[in-house]
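**Student:** 3D model of this:
(chains A, B, C and D)
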Protein chains: 2
Amino acid sequence: MNGIDATRQKIIDAAKRRFAHYGYGKTTMADVAADCDMSPGNLYRYFAGKLDIAEEIARAAAMRTVDELSEILIKSDRTAAERLHDFLFYDLRETFHTLEQDPKLVEMAQIITTERPHFHDEGLEREREILARIIEFGVLSGEFRVGDPEYAAEMIQAATLKFSYPQLFSRLALDRLERELEGVYQLLTAGLRAGVAAVPVPQSLVEA
Amino acid sequence: MNGIDATRQKIIDAAKRRFAHYGYGKTTMADVAADCDMSPGNLYRYFAGKLDIAEEIARAAAMRTVDELSEILIKSDRTAAERLHDFLFYDLRETFHTLEQDPKLVEMAQIITTERPHFHDEGLEREREILARIIEFGVLSGEFRVGDPEYAAEMIQAATLKFSYPQLFSRLALDRLERELEGVYQLLTAGLRAGVAAVPVPQSLVEA
DNA sequence: CGATTGAATGATCTGTTTTTTATTCATTGG
DNA sequence: CCAATGAATAAAAAACAGATCATTCAATCG
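**Tutor:** Below is the predicted model of the structure:
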């Protein structure tokens, strides 16, 4: 029915407030239930458990991010390289600011990543899909020369890991991270343009 | 004097055995002192504290790694790209195997990195220096086209972070990490060959 | 007098008890 | 019946006491 979804949303909203304000750990199911004018036990008619509420909140946020990243695909008058730039910097800034302004969310993100590794993988996969399309676009436009966009997307994700979870992998400030990402981006796009053929190891070119 | 250095080394050796066998946390200063036939208090004539002994051990290991990486520079008949390949894979495999076979060292590495961030940075800097020389070699040989080898080295480090602390940043097995590193390497070398000029953003090439 | 000791100290860790909390489910109310 | 409750339970977290440990330093030793 629809009452179900409405109630689920009410629970999600209450939990989101609590999580953001007091943190995941300090928020009790009783708190959330009270905010929704219901008993703790009744929450379990709508969610399998506390972590599932958090996961739902994270999923919604991830979807929003993916939607915004997807818009990069439909803009016009932008080269593939520019789209890749948009993608990487949007991701860095978005994550950085979100976690910067609300440190409680770091806790939640970490718990979900630890307890539900699969959830996290799915998020990466969705983003990789968009990356692959950007690269595919670059291949079609003749800008990039890569045989397998999916594979190239995977490599770009690996190479930009440091910028996906800024405050997790470094203690650098945003401006320094941006400077580094700019450099990595330059290197990667130069590589995509030059092309990574099926040839695995190009033996020798010149020697000293 | 020399007795000082000899005693320091005796302490380091005893501590290394204890740390590797029982872990940093479970090893007490009293244990180490007993192994050296001295009182706990006397250790402080040779080291400022427990963590400083660990740091010294880590420093020696880091030096050894840097020495081995430096050998890549003096080999002959290898292109810069091949040297870069050697560097990246040596680092990945070395770190992976060290931490794989002795989980106790992971604890020590993590404590040092947390408590002495600067120490860790210095290690990165030493490795970056070698990377810069490899790139410089590539520039001189005409293989790479980059203006600032130091900067390029920094970017390569950023892009290969995931492979520097394998079991810290991913739960992937070594063969999958190697496969990914191979791909990232291909992309990066393609970029180095094509060159990352001072031109920041090459506006438009073709469109779909 | 420099080198070393070992007892003193305060911080940290460990194991235990108590309390809080997530989750279940038999019961109740509409 | 369906929705909701709230007492019961087991798991996790907090609180606490006791022990251990890193570190210091006044007193000894050579």
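
**Student:** With adjacent residues omitted, what lies nearest to A:Ala190?
**Tutor:** B:Gly191 (3.7 Å; CB to CB, 6 or more residues apart in numbering or on different chains). The C-beta positions use only the backbone N, C-alpha and C, and glycine is treated the same way.

**Student:** tell me the angle the helix or strand encompassing the one you found makes with helix A:174-194.
**Tutor:** Secondary structure assignment for B:Gly191, by DSSP states H and E: helix B:174-194. On the basis of axes from the mean of the first three to the mean of the last three CA atoms, to 10 degrees, helix B:174-194 is oriented at 80 degrees to helix A:174-194.

**Student:** centre of the chain versus the one helix or strand A:Glu94 maps to, how much separation?
**Tutor:** Using DSSP H and E, A:Glu94 maps to helix A:80-101. Offset of helix A:80-101 from its chain centre (CA atoms, centre = their mean, to the nearest Å): 9 Å.

**Student:** Tell me if that helix is near chain B.
**Tutor:** Yes - for a cut-off given as CB under 8 Å from any CB of the partner chain, helix A:80-101 has contacts with chain B, namely A:81-82, A:85.

**Student:** What is the nearest of the residues you listed to DNA strand C?
**Tutor:** Of all these, DNA strand C sits closest to A:His85, with 41.9 Å by CB to the nearest atom of the strand.

**Student:** circling back to that earlier point, can you give me the angle the helix holding B:Gly191 makes with helix B:80-101?
**Tutor:** Using the same axes, to 10 degrees: helix B:174-194 against helix B:80-101 is 160 degrees.

**Student:** What residues sit buried inside helix B:174-194?
**Tutor:** Of the residues in helix B:174-194, B:177-178, B:180-194 count as buried by neighbour count, 16 or more other CB atoms under 10 Å in any protein chain shown.

**Student:** about what we covered before: of the residues of helix A:80-101 next to chain B - the most surrounded one?
**Tutor:** Using other CB atoms under 10 Å in any protein chain shown as the neighbour test, the residues of helix A:80-101 next to chain B are led by A:Ala81, with 24 neighbours.

**Student:** For the closest residue to it other than its chain neighbours, which residues are in contact?
**Tutor:** Excluding the flanking residues, the one nearest A:Ala81 by CB to CB, 6+ apart is A:Thr189, at 4.7 Å. A:Thr189 makes contacts with A:81, A:84-85, B:191, as judged by CB atoms under 8 Å, 6 or more residues apart in numbering or on different chains.

**Student:** Flag the shaky bits of chain A, pLDDT-wise.
**Tutor:** A:1, A:197-208 (pLDDT under 70).

**Student:** how near is A:Lys50 to DNA strand D?
**Tutor:** 11 Å (CB to the nearest atom of the strand, to the nearest Å).

**Student:** wait, the residue nearest to A:Ala190 sits on A:Gly191?
**Tutor:** Yes - contact between B:Gly191 and A:Gly191 holds when scored by CB atoms under 8 Å: they sit 3.6 Å apart.

**Student:** Quick check: A:Thr160 touching A:Phe89?
**Tutor:** No - between A:Thr160 and A:Phe89 there is no contact, the gap being 10.5 Å when judged by CB under 8 Å.

**Student:** Looking at the two, which one has more neighbours?
**Tutor:** The residue with more neighbours, out of A:Thr160 and A:Phe89, is A:Thr160; 23 against 15, by other CB under 10 Å.

**Student:** Report the contact partners of that one.
**Tutor:** A:88, A:181, A:184, B:159.

**Student:** At the contact with DNA strand D, which residues of chain A appear?
**Tutor:** A:1, A:3-4, A:7, A:25-26, A:37-42, A:45 (CB under 7 Å from any atom of the strand).

**Student:** Next, count neighbours for A:Met63.
**Tutor:** Around A:Met63 there are 12 residues (other CB under 10 Å).

**Student:** And it, its phi and psi?
**Tutor:** Torsion angles at A:Met63 (phi, psi; degrees, to the nearest 10) stand at phi -60, psi -40.

**Student:** Please apply the same query to A:Ala58.
**Tutor:** Torsion angles, degrees, to the nearest 10, at A:Ala58: phi -60, psi -40.

**Student:** ok, it - how many residues close by?
**Tutor:** Around A:Ala58 there are 21 residues (other CB under 10 Å).

**Student:** roughly how far apart are it and A:Asp5?
**Tutor:** Using CB to CB, to the nearest Å, A:Ala58 is found at 18 Å from A:Asp5.

**Student:** Likewise for A:Thr79?
**Tutor:** A:Thr79 is 42 Å from A:Asp5, by CB to CB.

**Student:** who in chain A is up against DNA strand C?
**Tutor:** So far as CB under 7 Å from any atom of the strand goes, chain A lies against DNA strand C at A:27-30, A:40-41, A:44, A:48-51.

**Student:** Of these, select the buried ones using a PyMOL command.
**Tutor:** To isolate the buried subset of these in PyMOL, counting by 16+ other CB under 10 Å, use the following:
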select buried, chain A and resi 27+29+50+51
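
**Student:** Restricted to helices, list the residues of chain A next to DNA strand C.
**Tutor:** Cross-referencing these against helices under DSSP state H gives A:29-30, A:40-41, A:50-51.

**Student:** Please save the CA atoms from stretch A:184-192 in CSV.
**Tutor:** Below are the C-alpha coordinates for stretch A:184-192, written out as CSV (Å, rounded to 0.1, in the frame of the first residue of the first chain):
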residue,chain,number,x,y,z
VAL,A,184,46.2,13.1,-12.0
TYR,A,185,43.4,14.1,-14.3
GLN,A,186,45.8,15.6,-16.8
LEU,A,187,47.9,12.4,-16.8
LEU,A,188,44.9,10.2,-17.2
THR,A,189,43.3,12.1,-20.0
ALA,A,190,46.7,12.3,-21.8
GLY,A,191,46.7,8.5,-21.5
LEU,A,192,43.2,8.1,-22.7
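
**Student:** more neighbours, A:Thr79 and A:Asp5?
**Tutor:** For A:Thr79 versus A:Asp5, the count of surrounding residues by other CB under 10 Å is larger for A:Thr79: 22 against 10.

**Student:** ok, the more buried one touching A:Glu143?
**Tutor:** Yes - in terms of CB under 8 Å, A:Thr79 counts as a neighbour of A:Glu143; the distance is 6.0 Å.
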